[in-house]
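[1] just the structure for this:
(one chain, ligands or ions: 2)
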Amino acid sequence: MKVKVSRRAHFNAAHRLFRPDWADDKNNRVFGKCNNPNYHGHNYELIVSVTGEIDQETGFVMDMKVLKDLIRSEVEDALDHKNLNLQVPEFRELNPTAENIAVVIWNKLRPHIPEDKALEVKLYETPRNFVTYTG
Ligand SMILES: Nc1nc2c(c(=O)[nH]1)N=C([C@H](O)[C@H](O)COP(=O)(O)OP(=O)(O)OP(=O)(O)O)CN2
Ligand SMILES: [Zn+2]
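    Ligands and ions are numbered 1, 2, ... in the order given. So this is what the prediction gives:
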């Protein structure tokens with residue numbers, strides 16, 4: 001019997017969606033206002049879910065306190081109040097779209113989650129735009 005446990009977190013970050021190898025008019029056409037050269041910000045909402053068997057001794061799939069601390073150290077400390085393009089090494093050559101941010105977060109967390117558990121990252125970039133990555 002598998003159960004999914006989830007922890008919600010949030011971070012604020014600035015970004016700019018563009019490709020340096022494209023001309024300005026192409027970046028503007030494809031990325032629109034998200035290509036603002038002075039950047040813009042989002043209040044990202046993150047839901048991290050871990051699915052697995054319930055441990056019969058503890059009753060936990062995974063200790064939520066452990067998951068909370070992991071999200072803080074791996075995600076919030078790395079991304080909160082940062083300019084993703086300028087300050088986060090993973091986005092030096094990777095466009096910080098919601099899709100790419102979700103994959104980066106999943107890759108940061110995966111090594112710390114027990115191998116027999118599944119990991120899902122759901123990232124809301126705005127209250128209406130969200131992406132999901134499961135590896
Ligand atoms: N596939 C993707 N498309 C877009 C992404 C993305 O990361 N992946 N990002 C953006 C913008 O950065 C931003 O997320 C969208 O802003 P906006 O259009 O203002 O979104 P809202 O939900 O706030 O729009 P409303 O008009 O208020 O509904 C664009 N596309
Ligand atoms: Zn944006």
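
[2] next, count neighbours for Thr126.
    A count of nearby residues for Thr126, using other C-beta atoms under 10 Å, gives 11. Bear in mind the C-beta positions are built from the backbone N, C-alpha and C, glycine included.

[3] please apply the same query to Phe31.
    Neighbours of Phe31 under the rule other C-beta under 10 Å: 17.

[4] for the closest residue to it other than its chain neighbours, which three-state class applies?
    The shortest distance from Phe31 to any non-neighbouring residue, by C-beta to C-beta, 6 or more residues apart in numbering, is to Leu17 (4.3 Å). Under the three-state scheme (DSSP: H, G, I helix; E, B strand; the rest coil), Leu17 adopts coil.

[5] the helices in the chain, which residues?
    24-31, 64-71, 77-79, 84-87, 98-109 (DSSP state H).

[6] and the shortest one, what does it pack against?
    Think helix 77-79. helix 98-109 (3 or more C-beta pairs under 8 Å, 6 or more residues apart in numbering; DSSP states H and E).

[7] and the pLDDT at the residue nearest to Phe31?
    Leu17 is assigned 98 on the pLDDT scale.

[8] need the distance between the two termini of stretch 20-35.
    11 Å (C-alpha to C-alpha, to the nearest Å).

[9] buried stuff in that stretch?
    Within stretch 20-35, the residues that count as buried by 16 or more other C-beta atoms under 10 Å are Asn27, Phe31, Cys34, Asn35.

[10] do stretch 87-100 as well
    For stretch 87-100, burial by neighbour count (16+ other C-beta under 10 Å) applies to Val88, Glu90, Phe91, Asn95, Pro96, Thr97, Ala98, Asn100.
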